[in-house]
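# Here is a sequence with its predicted model. Questions after.
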Amino acid sequence: MSARDQHQTLIEAARQARERAVAPYSHFRVGAALEAADGRIFTGCNIESAAYGLTVCAERVAIWKALSEGALGIKRLAVFADAERLTPPCGACRQIIWEFGGNTTIVLAGPHGSIETYEMRELYPRAFDAQYLTENQ
């Protein structure tokens with residue numbers, strides 16, 4: 001089974017979430033879909049604000065939705081963006097993905113059928129997490 005076939009449901013959910021993106025300033029629409037450890041799928045889209053610092057990425061929206069519904073652990077997360085090049089999570093999203101999903105699988109997909117799969121440790125080496133906060137206590 002190809003990587004695309006293996007992740008097709010998640011990629012399609014991320015693609016559909018991208019359609020709901022609110023990106024009036026950048027026009028860069030992103031959708032994300034995560035499969036929680038319990039098998040449920042949660043989606044998110046980027047939502048921009050005129051006060052740019054309040055903008056939220058699709059990956060974080062999906063994670064917040066999953067957490068708010070009681071889902072713990074991220075089995076895998078797909079990101080679907082309007083771009084020629086596949087778009088990985090930004091630094092802030094990488095931190096949140098690591099904290100709530102650890103070394104989970106990240107699937108990058110785009111409108112032309114390309115797909116890449118990574119483990120989170122490849123995208124976020126030497127990640128900062130709770131272990132650093134408890135070492136000195």
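Received the coordinates, thanks.
# Quick check: which element contains the residue nearest the centre of the chain?
When the chain is reduced to its mean C-alpha position, the closest residue under Cα atoms, centre = their mean turns out to be Glu59, at 3.3 Å. Using DSSP states H and E, Glu59 sits within helix 58-68.
# hmm, back to that, quick check: the residue nearest to the centre of the chain touching Ile74?
No - with contact defined as Cβ atoms under 8 Å, Glu59 does not reach Ile74; the gap is 9.9 Å. For glycine as for every other residue, the C-beta is placed from the backbone atoms N, C-alpha and C.
# hey, what's in contact with both of these two?
34, 97 (Cβ atoms under 8 Å, 6 or more residues apart in numbering).
# picking up where we left off before, other residues contacting the helix holding Glu59?
14, 17-18, 21, 30-34, 36, 40, 42-47, 74, 77, 79, 89, 92-93, 96-97, 100-101.
# what about burial for the residues you listed, which qualify?
Buried by 16 or more other Cβ atoms under 10 Å: 14, 17-18, 21, 30-34, 36, 42-47, 74, 77, 79, 89, 93, 96-97, 100-101, out of these.
# other SSEs contacting the helix or strand following the helix holding Glu59?
Where DSSP H and E defines the elements, the next helix or strand beyond helix 58-68 is strand 74-81. When contacts are defined as 3 or more Cβ pairs under 8 Å, 6 or more residues apart in numbering; DSSP states H and E, strand 74-81 sits against helix 3-18, strand 30-36, helix 58-68, helix 91-101, strand 105-109.
# for these, which one sits closest to Ala127?
helix 91-101 (4.4 Å; Cβ to Cβ).
# How far off centre is the closest one?
9 Å (Cα atoms, centre = their mean, to the nearest Å).
# cool, and stretch 90-101?
With Cα atoms, centre = their mean as the basis, the mean position of stretch 90-101 lies at 8 Å from the chain mean.
# ok, now stretch 19-29?
With Cα atoms, centre = their mean, you get 16 Å for stretch 19-29.
# Any buried residues in the helix holding Glu59, and which?
Buried-residue list, helix 58-68, by 16+ other Cβ under 10 Å: 58-63, 66.
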